[in-house]
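Undergrad: need the 3D shape of this:
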Amino acid sequence: MKWRQQWEVDGALKDWVPPEVLQKFHPSGTSGYDKDGAPVIVVPFAGLDVIGILHSACRQDMIRMTIKVLEHNLALAAKTGENQVVVIFDMEGFNLRQYAWRPAAEVVISLIQMYEANYPEILKACYIINAPRVFAIAFNVIKKFLNEYTLGKIQIFKSDPKKWKPALLSNITPENLPKHYGGSLTDPDGNPRYATVVKMGGKVPKSYYTKNMETPENGPKKEYIKAVVKKGHKLTLDYIVAEEGCFLRWDFRTEGHDIRFGVTMRDENGLNSPVVRHRRVAAHQIDESGVVACQAPATYTITFDNTYSMMRSKTIHYCIFVTPPLEKLNILPTDEETQKMSTPDNTPEDIQSEKSSSAGEVEVH
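TA: Here you go, the predicted model:
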């Protein structure tokens, strides 16, 4: 296949050594096999600091790492006469905020596109457990890139071990599953997460960050606008959203003092509704960032409110924009890109999969 040649899957990639940041902070591990001999991959997804990784390695390294993990597990499957894998995504502690950074969202979509295009039907079962409510927002975007076969293999559970542990144990014996997930595997020190095998990931230290990592492949450097909000006044900024699937994204900081911040929406009928409650934000202590999925057509108004301060003007630095729908992206690498990359380094309920192939949906029961 041309794709396997481009990425040298059967050649140089086998000897490729991932950057240290991926070796230490890429969360995943194979805990054992299911009852039929399919490898069980555990992914503590909340441990994926995609922003930190993309500041320390490039998008192509993340894709290489994913290919390497899949190829390794398919090789394990072949030894037992299988050709599929089982995946457990643990979404405990999942935070949608980091995916407001467009390169982070793009790399996830890129990995999904790569998987669907080149590893069709290798998924035997996928258990997404401990899914918080905000996960529904992410999944509504992601499922647009998944085919019906993949959707039919997914089971999603909220944070109720009484629901998801029996589901896991119905197909995986305890001796092939970390104790944290209902199995019997532990580390020598008794850690029930089996972290010596299933890497937890975690926050990437800034000492790993590479200078000038902001390139055309992972997004332009942020450009901040400086503004002074006079004492007793407010600054309002309007953003028109013309199509469904867009996101309003903001990042700002203040100099020395807090400021009141909020977001409202005016729909096509002229009705106003709050999106982010107006509140005082200590953006002089830590940058404030966020993202909301937008309705369309509508006008979103961001307000920096200093009317409560009659003594001080406030200086702010902000970066705000509307991102287009992710499904319009075509972010798989081109032939030219892959040629450059050929040399290494440079009350909870469960949501069950709907079996109807015509629908290809994952629904709530």
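
Undergrad: low-confidence stretches in the stretch 201-350 of the chain?
TA: 211-222, 326-350 (pLDDT under 70).

Undergrad: hey, where'd the strands end up in the stretch 201-350 of the chain?
TA: 225-229, 234-241, 247-254, 259-267, 272-281, 288-293, 298-305, 314-323, 350-351 (DSSP state E, counting those that start in this stretch).

Undergrad: counting by contacts, list what the lengthiest helix in the chain packs against.
TA: Using DSSP state H, we find that the single longest helix of the chain is helix 59-79. Applying 3 or more C-beta pairs under 8 Å, 6 or more residues apart in numbering; DSSP states H and E, we find helix 59-79 packed against helix 12-15, helix 20-25, strand 29-33, strand 39-44, strand 85-90, helix 102-118. Every C-beta, even on glycine, is put in place using the N, C-alpha and C of the backbone.

Undergrad: tell me how far stretch 50-59 is from the chain's mean position?
TA: Mean-position distance between stretch 50-59 and its chain equals 12 Å (C-alpha atoms, centre = their mean, to the nearest Å).

Undergrad: please apply the same query to stretch 83-100.
TA: 7 Å.

Undergrad: for A125, give me phi and psi.
TA: Backbone geometry at A125, expressed as degrees, to the nearest 10, gives phi -160, psi 150.

Undergrad: residues near the residue lying closest to it once chain neighbours are set aside, how many?
TA: Spatial nearest neighbour of A125, excluding adjacent residues (C-beta to C-beta, 6 or more residues apart in numbering): V86 at 4.8 Å. Neighbours of V86 under the rule other C-beta atoms under 10 Å: 28.

Undergrad: what is V86 paired to in the beta sheet?
TA: V40, A125 (DSSP bridges).

Undergrad: next one: it from G245, what distance?
TA: 32 Å (C-beta to C-beta, to the nearest Å).

Undergrad: cool, and N83?
TA: Counting by C-beta to C-beta - N83 and G245 are separated by 35 Å.

Undergrad: who's more crowded, those two?
TA: G245 (17 against 12).

Undergrad: ok so, going back, quick check: the residue nearest to A125 touching D34?
TA: Yes: the pair V86 / D34 is scored as a contact, 5.0 Å apart, by C-beta atoms under 8 Å.

Undergrad: now the common contact residues for the two.
TA: Residues touching both V86 and D34 (C-beta atoms under 8 Å, 6 or more residues apart in numbering) are V40, K124, A125, N171, I172.

Undergrad: isn't Q295 right up against E268?
TA: No: Q295 is beyond contact range of E268, at 9.3 Å (criterion: C-beta under 8 Å).

Undergrad: which residues does stretch 194-204 contact?
TA: Outside stretch 194-204, the residues touching it (C-beta under 8 Å, 6+ apart) are 21, 24-31, 42, 44, 46-49, 52-53, 55-56, 178-180, 185-188, 193.

Undergrad: scratch that, stretch 280-294
TA: 96-97, 99-100, 137, 241, 244-261, 263, 265, 275-276, 300, 308, 316, 322.

Undergrad: got the buried residues for stretch 153-161?
TA: Within stretch 153-161, the residues scored as buried using 16 or more other C-beta atoms under 10 Å are K153, I154, Q155, I156, F157, K158.

Undergrad: hmm, back to that, could I have the CA atoms of the longest helix of the chain written out in CSV?
TA: Only the C-alpha atoms of helix 59-79 are listed here, as CSV (Å, rounded to 0.1, in the frame of the first residue of the first chain):
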residue,chain,number,x,y,z
ARG,A,59,2.2,16.1,14.7
GLN,A,60,4.0,13.6,12.6
ASP,A,61,5.7,12.1,15.7
MET,A,62,2.2,11.6,17.3
ILE,A,63,1.0,9.9,14.1
ARG,A,64,4.1,7.7,14.0
MET,A,65,3.6,6.8,17.7
THR,A,66,0.0,5.8,17.0
ILE,A,67,1.0,3.6,14.0
LYS,A,68,3.7,2.0,16.1
VAL,A,69,1.3,1.1,18.9
LEU,A,70,-1.3,-0.3,16.5
GLU,A,71,1.3,-2.3,14.6
HIS,A,72,2.7,-3.7,17.8
ASN,A,73,-0.7,-4.9,19.0
LEU,A,74,-1.6,-6.4,15.6
ALA,A,75,1.6,-8.4,15.8
LEU,A,76,0.6,-9.6,19.3
ALA,A,77,-2.8,-10.5,17.9
ALA,A,78,-1.3,-12.5,15.1
LYS,A,79,0.6,-14.7,17.6
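
Undergrad: which one of the strands of the stretch 201-350 of the chain lies closest to K163?
TA: K163 lies closest to strand 350-351 among the strands of the stretch 201-350 of the chain, at 4.6 Å (C-beta to C-beta).

Undergrad: among the shared contacts of V86 and D34, who's most crowded?
TA: V40 (28 neighbours).
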